[in-house]
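# Model the following, please.
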Amino acid sequence: MTVYSRGDVVLVGFVFSDESGKKVRPAVVISSTAYHRARQEAVVAAITSNVRRRLFGDHAIANWKEAGLLFPSVATGILRTIKQAMIERKLGAMLKRDMEAIERELRRALGL
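Numbering: from 1, shown residues only. Next up is the predicted model:
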């Protein structure tokens, strides 16, 4: 099994919040190495290329090309816990500055 790290940008199937369908989309791994060792799961935040619509908890990714993304993108506050085996593949990794901003937004969204 491939091991994924916090900050990795991966492709994963996301079920719509109303469960009406599923779409393969990029996501950023936000769970820790310790979490991955204890479970066969990963917590990910969805990434969207819809940069015009930013909501509470979202971060516009400054270095999207370096993260392995094809288009300007936003890391969203939409979180999902998945089995690591459901990750289709790794696209790249967030640069430190973007990952720190994503973490700040998630803390705000979750009240941490």
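# Tell me which other helices or strands the helix ranked longest in the chain touches.
For the chain, the helix that runs over the most residues, judged by DSSP state H, is helix 96-110. Using 3 or more CB pairs under 8 Å, 6 or more residues apart in numbering; DSSP states H and E, the elements in contact with helix 96-110 are strand 59-60, strand 74-83. All C-beta spots, glycine's among them, are computed from the backbone N, C-alpha and C.
# can I get these in a markdown table with distance to Asp18, mean neighbour count and mean pLDDT?
Output for the helices and strands packed on helix 96-110, formatted as a markdown table (distance: least, CB to CB, whole Å; neighbours: other CB atoms under 10 Å; pLDDT from 0 to 100):
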| stretch | distance to Asp18 | mean neighbour count | mean pLDDT |
| --- | --- | --- | --- |
| strand 59-60 | 24 | 18 | 96 |
| strand 74-83 | 13 | 18 | 92 |
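# Please identify which of these is closest to Ala38.
Closest approach to Ala38 among the helices and strands packed on helix 96-110 (CB to CB): strand 74-83, 12.8 Å.
# Can you classify the most centrally placed residue in the chain as helix, strand or coil?
Residue closest to the mean C-alpha point of the chain, counted by CA atoms, centre = their mean, is Val28 at 2.3 Å. Three-state call for Val28 (DSSP: H, G, I helix; E, B strand; the rest coil): strand.
# And it, how far from Ser20?
As judged by CB to CB, to the nearest Å, Val28 and Ser20 stand 24 Å apart.
# Please tell me how far the residue of the chain most remote from its centre sits from Val51.
Relative to the C-alpha centroid of the chain, counting by CA atoms, centre = their mean, Ser20 is the outermost residue, at 21.0 Å. Distance of Ser20 to Val51, given as CB to CB: 24 Å.
# Same check on Arg80?
Distance from Arg80 to Val51, counting by CB to CB: 21 Å.
# And Trp64, by the same measure?
From Trp64 across to Val51, the span is 9 Å (CB to CB).
# okay, and the common contacts of these two?
Pro72, Ser73 (CB atoms under 8 Å, 6 or more residues apart in numbering).
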